[in-house]
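**Q** I would like to see how this sequence folds:
(2 chains)
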Amino acid sequence: MDFEPSSEQQMLIDQVRRFVREEIIPLEAKLDPDASELDPADHARLVEKTKAMGLFGIDIPKEYGGPDIDIVTRVLLAIEMAQHRAGLYVPCYGTFGGAGLAQIFEANEDQKERYLYPTLRGEKKAFFGLTEPSGGSDPARAIQTKAERKDNGWVLNGAKIFISNADRAQYGIVFARTDAAKGRAGITCFIIDSDTPGFHVRRVVHTLRSSHYATELEFKDCWVSDHQVLGEVNKGFAVANDRLTRQRIPYAAGCIGVAIAAHEMAIGWAKMRSTFGEKLANRQAVQWMLVDNEIDIRTAKHFTLEAAEKARRGLPFRIEASIAKLTASEGGGRVVDRSMQIHGGMGMTKDLPLERWYREMRIRRVGEGPSEVQRMVIAREILGSNLR
Amino acid sequence: MSLRLRLDKPWRPLSVEEATRLPGQLGVYQVADAAGTVLFIGHAGGRSPFGLRSELQREASERGPGHQFRVEVNQQYRSRWFELLMVYKADHGSLPADNAKNPPPNLGRLSPA
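**A** Numbers count the residues shown, from 1 in each chain, chains lettered A, B, ... in the order given. Modelled structure (predicted):
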């Protein structure tokens, strides 16, 4: 496959690269190094710019008014958008708009009116409630939140953890067990309004990540009507699983973007910094670290674009998405680590973005399916689906 | 096991001298009046020259006598700061008076158990 960007793609890449360098990075230099949000006035001004670029709502499908960006181009742009301090989890501080959760596009017309369209208009925000204290890597078995029939609806009881944005969202998509005997075929997806009695955001879960802190949720006799079931009863896991696979491609792209930014910083530093009368760039130990960075970046980029291309062509891409996520999150972590090593003491400080990237990149080996699960997915594919 | 939600250490008198004894680390703090009513929840972030020490020295200089403070050293100062604001709002129905003058945008809501 040829992954050289077309002239149209290159034009968009250049446009986004300029936006990051001329608009985002100068503003970011004045923010707290762990900040995740721009000043509201700056945010509004930059949203007008992305609208003028024709790239606002970049993830919204064309039929819903989005700019019709294919997934390969989206990956190329995601790599650019991540190249600033907060870029791994808050690329361009959300100034390219959001599309909401992918699952909500599966909603019926009534639910679309109540949730999807307000989300696309920026009036509502959502959270994704899957992981529980009992586990996140194997949600089909770990989900213990129960939903039981009552009064033409369902009563939810249980807890969720590591849920981003639940304290700020107007609604969320929540997975609960509706048939204990059926394993993964006994899970249903619900849309829960945040003001539903019995829904509680109990606390912030503090992690390595500066952006989008996580929260812990509790459902205590939380009743919702049948109108809040997303998709079909007992078929919720398919909805979750599809999202988890698709999400791995842009997730990988973000890691690559940060790795490129860290690598460029390391190259610049190595050319400038001298020790014992010699530039770092002339020392073999440093050269090899830079070479390994380059290889990690090129490898991850190749596999991520391959996964995106297969997805674009409508081909199966499950194994490719896992390889992309694995190589980008693990390789990205190594690149940031080496870049810090080349920077020495300065690399450990909050004066430079490397410190934040190091912390946040570590989470990428666990989030959206840990490395071990990605290897299991790949192993099953190459050894046969009956492998247990 | 979860961390303590509320900041409930003993109050210390707010003065430049007392603040000078603080570590130059990142973290969160509360300032209260003499009766213990919380007036402000703040944080010492990565751009504070000497972390909590600088922030509380500034608070002491600006507010004058008759105030108290308490601090918590915390590397995750931003998420802890948001958490303290949300917990205070859940407990009291509104933000501390001085935070309410300039509330952080998009502050979430908690309903602590």
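**Q** residues of chain B that sit close to chain A?
**A** The interface of chain B toward chain A, taken as CB under 8 Å from any CB of the partner chain, is made up of B:2-3, B:5, B:45-47, B:76-80, B:82-83, B:86, B:105-113. C-betas here are computed from N, CA, C, even on glycine.
**Q** next up, the contacts around A:Val229.
**A** A:Trp154, A:Thr188, A:Cys189, A:Phe190, A:Ile191 (CB atoms under 8 Å, 6 or more residues apart in numbering or on different chains).
**Q** who does the third one form a beta bridge with?
**A** Which is A:Cys189. A:Phe175, A:Leu230 (DSSP bridges).
**Q** surely A:Val72 and A:Leu305 touch.
**A** Yes - using CB atoms under 8 Å, A:Val72 makes contact with A:Leu305 at a distance of 6.4 Å.
**Q** what's the burial count for residue 71?
**A** You didn't say which chain, so I picked chain A. 22 (other CB atoms under 10 Å in any protein chain shown).
**Q** I was thinking of chain B, sorry if that wasn't clear
**A** 23.
**Q** can you confirm it is in a strand?
**A** Yes - membership of B:Val71 in a strand is supported by DSSP: H, G, I helix; E, B strand; the rest coil.
**Q** contacting residues for the nearest residue to it once chain neighbours are set aside?
**A** Distances taken as CB to CB, 6 or more residues apart in numbering or on different chains put B:Tyr29 closest to B:Val71, at 4.4 Å, once the chain neighbours are dropped. Taking CB under 8 Å, 6+ apart, we find B:Tyr29 in contact with B:Ile41, B:Gly42, B:His43, B:Ala44, B:Leu52, B:Glu55, B:Leu56, B:Glu59, B:Phe69, B:Arg70, B:Val71, B:Glu72.
**Q** got the contact list for the first one?
**A** Yep, that's B:Ile41 we're talking about. So, once contact is read as CB under 8 Å, 6+ apart, B:Ile41 ends up touching B:Val28, B:Tyr29, B:Gln30, B:Trp81, B:Leu84, B:Leu85, B:Tyr88, B:Pro96, B:Asn99.
**Q** hang on, it is in a strand, isn't it?
**A** Yes - with three-state DSSP as the criterion, B:Ile41 is located in a strand.
**Q** and it, bridged to which residues?
**A** B:Gln30.
**Q** got a pLDDT number for it?
**A** Note on B:Ile41: pLDDT of 98.
**Q** and it, how far is that from chain A?
**A** 14 Å (CB to the nearest CB, to the nearest Å).
**Q** tally of neighbours for residue 99?
**A** Just going to use chain A. Neighbours of A:Ala99 using other CB under 10 Å come to 17.
**Q** that was the other one, I meant chain B.
**A** Neighbours of B:Asn99 using other CB under 10 Å come to 21.
**Q** cool, A:Lys325 as well?
**A** For A:Lys325, the neighbour count with other CB under 10 Å is 32.
**Q** residue contacts, A:Cys279?
**A** Let me fix one detail, which is that residue A:279 is Lys and not Cys. So A:Lys279 contacts A:Ala270, A:Lys271, A:Met272, A:Arg273 (CB under 8 Å, 6+ apart).
**Q** name the SS class of the first one, please.
**A** It refers to A:Ala270. helix.
**Q** B:Arg80 reaches B:Val28, doesn't it?
**A** Yes - using CB under 8 Å, B:Arg80 makes contact with B:Val28 at a distance of 5.1 Å.
**Q** which one's more surrounded, those two?
**A** The residue with more neighbours, out of B:Arg80 and B:Val28, is B:Val28; 27 against 22, by other CB under 10 Å.
**Q** would you confirm that A:Phe127 belongs to a helix?
**A** No - under three-state DSSP, A:Phe127 sits outside any helix and is assigned strand.
**Q** shouldn't it be in contact with A:Gly172?
**A** Yes - here A:Phe127 reaches A:Gly172: they are 3.9 Å apart, a contact under CB under 8 Å.
**Q** joint contacts of those two?
**A** A:Ile163, A:Ala166.
**Q** closest residue of the stretch 51-200 of chain A to chain B?
**A** A:Asp167 (2.8 Å; CB to the nearest CB).
**Q** tell me if that residue really is in a strand.
**A** No - applying three-state DSSP, one finds A:Asp167 to be coil, outside a strand.
**Q** filter the contacts of A:Lys279 down to the buried ones and hand me the ChimeraX line.
**A** Selection of the buried residues among the contacts of A:Lys279 in ChimeraX, burial being defined by 16 or more other CB atoms under 10 Å in any protein chain shown:
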select /A:270,273
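**Q** quick revisit: which of the residues of chain B next to chain A fall in helices?
**A** B:Tyr77, B:Arg78, B:Ser79, B:Arg80, B:Phe82, B:Glu83, B:Met86 (DSSP state H).
**Q** the last one: neighbour count?
**A** In terms of burial, B:Met86 registers 23 neighbours under the definition other CB under 10 Å.
**Q** and for the first one?
**A** The burial count assigned to B:Tyr77 is 27, neighbours taken as other CB under 10 Å.
**Q** what sits against it?
**A** Contacts of B:Tyr77 by CB under 8 Å, 6+ apart are A:Asp34, B:Leu26, B:Gly27, B:Val28, B:His43, B:Ala44, B:Gly45.
**Q** recalculate using a threshold of 10 Å.
**A** A:32, A:34, A:206, A:210, B:25-29, B:42-46, B:48, B:51-52 (CB atoms under 10 Å, 6 or more residues apart in numbering or on different chains).
**Q** tell me the contacts of the closest residue to chain A within chain B?
**A** Using CB to the nearest CB, the single residue of chain B nearest to chain A is B:Gly108, 2.8 Å away. Residues near B:Gly108 by CB under 10 Å, 6+ apart: A:165-169, A:194, A:201, A:204, A:213, A:215, B:82-83, B:85-86, B:89.
**Q** you'd agree A:Val335 is up against A:Met289?
**A** Yes - using CB atoms under 10 Å, A:Val335 is in contact with A:Met289, at 9.4 Å.
**Q** ok, these two, which is more surrounded?
**A** Between A:Val335 and A:Met289, A:Val335 has the larger neighbour count (other CB under 10 Å), namely 31 against 22.
**Q** ok now the helix or strand bottoming out on mean pLDDT in chain A, how far from the chain's centre?
**A** Least confident helix or strand of chain A, by mean pLDDT, DSSP states H and E, is helix A:139-142 with a mean of 78. Distance of helix A:139-142 from its chain centroid, counting by CA atoms, centre = their mean, to the nearest Å, is 21 Å.
**Q** can you list the residues that contact it?
**A** Residues contacting helix A:139-142 (CB under 10 Å, 6+ apart): A:130-136, A:175, A:177, A:183-187, A:236-237, A:240-241, A:244, A:369.
**Q** which ChimeraX command selects the buried ones in those residues?
**A** Command for ChimeraX that selects the buried part of the contacts of helix A:139-142, burial taken from 16+ other CB under 10 Å:
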select /A:130,131,132,136,175,177,184,186,187,236,237,240,244,369
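**Q** just the ones in strands from the contacts of helix A:139-142, please.
**A** Among the contacts of helix A:139-142, the residues falling in strands (DSSP state E) are A:Phe175, A:Arg177, A:Ile187.
**Q** now, which of the residues you listed sits nearest A:Pro5?
**A** A:Pro5 lies nearest to A:Phe175 out of the ones in strands among the contacts of helix A:139-142, by CB to CB, at 37.7 Å.
**Q** that closest one against A:Leu217, yeah?
**A** No - assessed by CB under 10 Å, A:Phe175 is found out of contact with A:Leu217, at 11.9 Å.
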